[in-house]
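[1] Got a predicted structure plus its sequence, pasted below:
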Amino acid sequence: MHDLANDAVAHTIRDFRLDLAEAFSIDSIRHVESQAAKAYWSAWRNLPIMFPHRDLQRVPDHWRTFGSRISALTGSPRLATNPGNAILNYLYALLEAETRLSAATLGLDPGIGVMHVDVPYRDSLALDLMEVVRPDVDAFVIDWIKRGPLSRSHFFEQSNGNCRLMASFAATLSQTTSKWAQLIAPVAEWFAREISTPKKERSFQLSARLTQRNKRVAKGSNPIPKPKPVVKPTNLCRNCGKEIIGDSVRCKSCSTEIMTEQRDAAGRIARTAALSPEAQQKRAATQQINALAQHAWKPSDQPSWLTAEFYSGRIQPGLLSVRGSLIARALKVSNSYARDIRKGHQPHPRHWATLAKLAGKIEVN
């Protein structure tokens, strides 16, 4: 349950697992499994389903979370009413098809189940075997949903509310079939070996037609083939839904647009703050302090060598290597005014001596 971030449900399922030790019949096992499944799917209910910002006005509210695993149309998982369940149903169908083929390849009847009750037109054994691989499908779906937004164009809703996959998106998901076939193969071979070989003869190796396990072992290689890569979700811009190459969350044009909007909004806030009564009062106080300082300053207080020519020729060039924040603190002025000084603005002569020290110039007697 780590991907769903629900430790409480994980502990509940662990408790149900312990109950299996006291389940001595198929019916009691099915009961425990149903209770655990109910708790498991409750952890999926609030899983958010993302769509690009520009698609949201065309996305129904009930599409924006995974919701209930039970469809309101059928009272079962069939006929999903939102994208999350539609994706899961489709991948389960692919896994079931690969499981059915694996069972038939090994000479097993896919319709004779063990845990699933045999009913007409259902391959109950295939449903039994695929239970082992369903967690891999679930993890794949969770990863796909959490990686980024889904495109609204990948789904359509029928008149009865059934959510279906568009053909192009279904074709993309179909590329996972080789992965499910690889995962179900050792499960089907294990089951065939368990039911067809007496326990005392288990050392006898049945033909591993799906995994080629026996040949691999004989050659000294890994009995289980390396996992095949699974198709990854297309990275879509979270604003417009355009496909993006790389790990960015927005395309270049949307990033520029959003940054411009944020800059303009910040500018409006700054201008509003600058015109507030509090800001005007602070500026008036600062101007009064500067006016008093200028009035109190006398040219006779300045060293004879500290002339305007010395400032522009010796001090000003040296200020280019001094940080603006350092100038601002030394002169008790704003950072913007300090930057203007670095760029060449000549401040009041009373500041020249301080700037000469910052620029590293030696005073001449």
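    Happy to help now that I have it. None of these values were measured; they are calculated from a predicted model.

[2] Point out where the stretch 151-300 of the chain drops to low pLDDT.
    Residues of the stretch 151-300 of the chain meeting the criterion pLDDT under 70: 197-206, 213-220, 222-225, 227-228.

[3] repeat that for 80
    197-209, 212-230, 246-247 (pLDDT under 80).

[4] ranges for the helices of the stretch 251-365 of the chain?
    252-274, 277-296, 308-310, 316-318, 324-331, 335-343, 352-358 (DSSP state H, counting those that start in this stretch).

[5] Only alpha carbons, please: show the first one as CSV.
    As requested, C-alpha coordinates have been extracted for helix 252-274 and formatted as CSV (Å, rounded to 0.1, in the frame of the first residue of the first chain):
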residue,chain,number,x,y,z
LYS,A,252,7.8,26.0,-23.3
SER,A,253,5.0,28.3,-24.4
CYS,A,254,2.9,27.6,-21.3
SER,A,255,5.9,28.1,-19.0
THR,A,256,6.5,31.5,-20.6
GLU,A,257,2.9,32.4,-20.4
ILE,A,258,2.6,31.5,-16.7
MET,A,259,5.8,33.2,-15.8
THR,A,260,4.6,36.3,-17.5
GLU,A,261,1.3,36.2,-15.6
GLN,A,262,3.1,35.6,-12.3
ARG,A,263,5.6,38.5,-13.0
ASP,A,264,2.7,40.9,-13.9
ALA,A,265,0.8,39.8,-10.8
ALA,A,266,3.8,40.4,-8.6
GLY,A,267,4.3,43.8,-10.2
ARG,A,268,0.7,44.8,-9.4
ILE,A,269,1.1,43.7,-5.8
ALA,A,270,4.4,45.6,-5.5
ARG,A,271,2.9,48.8,-7.0
THR,A,272,-0.1,48.5,-4.7
ALA,A,273,2.1,48.1,-1.7
ALA,A,274,4.4,51.0,-2.8
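
[6] Give me the buried positions along it.
    residue 254 (16 or more other CB atoms under 10 Å). Using the backbone N, CA and C atoms, a C-beta is placed for each residue, glycine as well.

[7] between that helix and helix 277-296, how many degrees?
    70 degrees (axes from the mean of the first three to the mean of the last three CA atoms, to 10 degrees).

[8] what's in contact with helix 252-274?
    237, 239, 240, 242, 248, 250, 279 (CB atoms under 8 Å, 6 or more residues apart in numbering).

[9] Take the helices of the stretch 251-365 of the chain and write them to CSV, including distance to residue 28.
    Listed next are the helices of the stretch 251-365 of the chain as CSV, based on distance: least, CB to CB, whole Å:
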stretch, distance to residue 28
helix 252-274, 56
helix 277-296, 73
helix 308-310, 98
helix 316-318, 88
helix 324-331, 74
helix 335-343, 75
helix 352-358, 85
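
[10] Out of those, the one nearest residue 108 is which?
    helix 252-274 (52.5 Å; CB to CB).

[11] now the residue nearest the centre of the chain, nearest residue through space, not along the chain?
    In the chain, the residue lying closest to the centroid (CA atoms, centre = their mean) is residue 147, at 3.9 Å. Nearest residue to residue 147, sequence neighbours excluded (CB to CB, 6 or more residues apart in numbering): residue 233, at 4.9 Å.

[12] and what of residue 209?
    Per CB to CB, 6+ apart, closest to residue 209 is residue 105, 5.8 Å.

[13] Tell me which of the helices of the stretch 251-365 of the chain sits nearest to residue 59.
    Here helix 252-274 is closest among the helices of the stretch 251-365 of the chain (CB to CB), at 17.9 Å.

[14] how far is the closest one from where the chain is centred?
    Distance of helix 252-274 from the chain centroid (CA atoms, centre = their mean, to the nearest Å) equals 26 Å.

[15] Same check on stretch 114-129?
    The answer for stretch 114-129 is 36 Å, by CA atoms, centre = their mean.

[16] So for it, mean pLDDT?
    Confidence over stretch 114-129, taken as the mean pLDDT, stands at 90.

[17] ok so, going back, and the pLDDT for the residue nearest to the centre of the chain?
    So, for residue 147, pLDDT stands at 89.

[18] dump the residue contacts of it.
    Neighbours of residue 147 in contact, by CB under 8 Å, 6+ apart: 232, 233, 235.

[19] Likewise for residue 345?
    When contacts are taken as CB under 8 Å, 6+ apart, residue 345 is in contact with residue 337.

[20] what do you get if the cut-off is 10 Å, keeping everything else the same?
    316, 337, 338, 339 (CB atoms under 10 Å, 6 or more residues apart in numbering).

[21] what's the burial count for the spatially closest residue to residue 115 that is not a sequence neighbour?
    Nearest residue to residue 115 in three dimensions, chain neighbours excluded: residue 128, at 5.1 Å (CB to CB, 6+ apart). Using other CB atoms under 10 Å, residue 128 has 19 neighbouring residues.
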